[in-house]
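J.: Give me coordinates for this.
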Amino acid sequence: MKRLALTGICMLATTGLMSSAAMAAGGQDKILEFDTMVGVSRPYTGTANPIRGVNGGGLPWVIGPVEGELTIDGKLEIRVTGLVFADDPAVPIQNQGRNTVPNFRAIVSCQTVNMQTDPPSPQVLNVTTGLFPATEAGNAYIEAQVDLPQPCIAPIIFVTNPNGAWFAATGM
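T.: Below is the predicted model of the structure:
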């Protein structure tokens, strides 16, 4: 009888702890919150040195203030300011300090687990948003719902051109 009562108490305590952990996790729905990104610079321009399979834009870019967050359920918001061509000798003088791309998109890159292999192995999975309008001053607001892999480990957010070459990335 004592053993049965002790087992019941342990089960209740475990259930209570699990419920508390679930409630605490529910309040922590942000995977990533950021207020800085870095523009693509040499040697990351072009196809020579992709990051997680994402090529850099063809020329150097810089970015101003940014605010963004990614939640567990895949909601992505990024307020981009001043994402423009860098003042760099490789960039034609008439394009320096300007954005000539009418639309940006975002890529969320996650490390995840490939359960199709035995044993399970690490895998990179990149998820892309639709297009969002961008101004000549390099301002844009990206708000999208993406289908994140589970788990999404060490996410990197890229702001890209419509073809997926990155202009700015988190991880500065």
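
J.: average pLDDT for stretch 36-48?
T.: For stretch 36-48, mean pLDDT is 96.

J.: which strand of the chain spans the most residues?
T.: strand 103-114 (DSSP state E).

J.: helices and strands around that strand, which ones?
T.: strand 75-80, strand 121-128, strand 132-133, strand 140-145, strand 153-160 (3 or more CB pairs under 8 Å, 6 or more residues apart in numbering; DSSP states H and E). The way it works is simple: take the backbone N, C-alpha and C, and place the C-beta from them, glycine included.

J.: So for that strand, what gets flagged as buried?
T.: 104, 105, 106, 107, 108, 109, 110, 111, 112, 113 (16 or more other CB atoms under 10 Å).

J.: In PDB, list the C-alpha atoms belonging to it.
T.: Output of strand 103-114 as PDB, limited to C-alpha atoms (Å, rounded to 0.1, in the frame of the first residue of the first chain):
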ATOM      1  CA  ASN A 103      12.200  42.900 -53.800                       C
ATOM      2  CA  PHE A 104      13.900  41.100 -51.000                       C
ATOM      3  CA  ARG A 105      13.200  37.700 -49.500                       C
ATOM      4  CA  ALA A 106      14.500  35.900 -46.500                       C
ATOM      5  CA  ILE A 107      16.000  32.500 -45.900                       C
ATOM      6  CA  VAL A 108      16.000  30.800 -42.500                       C
ATOM      7  CA  SER A 109      18.800  28.300 -42.300                       C
ATOM      8  CA  CYS A 110      18.600  25.700 -39.600                       C
ATOM      9  CA  GLN A 111      20.800  22.800 -38.500                       C
ATOM     10  CA  THR A 112      18.500  19.900 -37.900                       C
ATOM     11  CA  VAL A 113      18.500  16.100 -37.700                       C
ATOM     12  CA  ASN A 114      18.000  13.800 -40.600                       C
END
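
J.: Quick check: which of the helices and strands packed on strand 103-114 is nearest to residue 37?
T.: strand 153-160 (6.9 Å; CB to CB).
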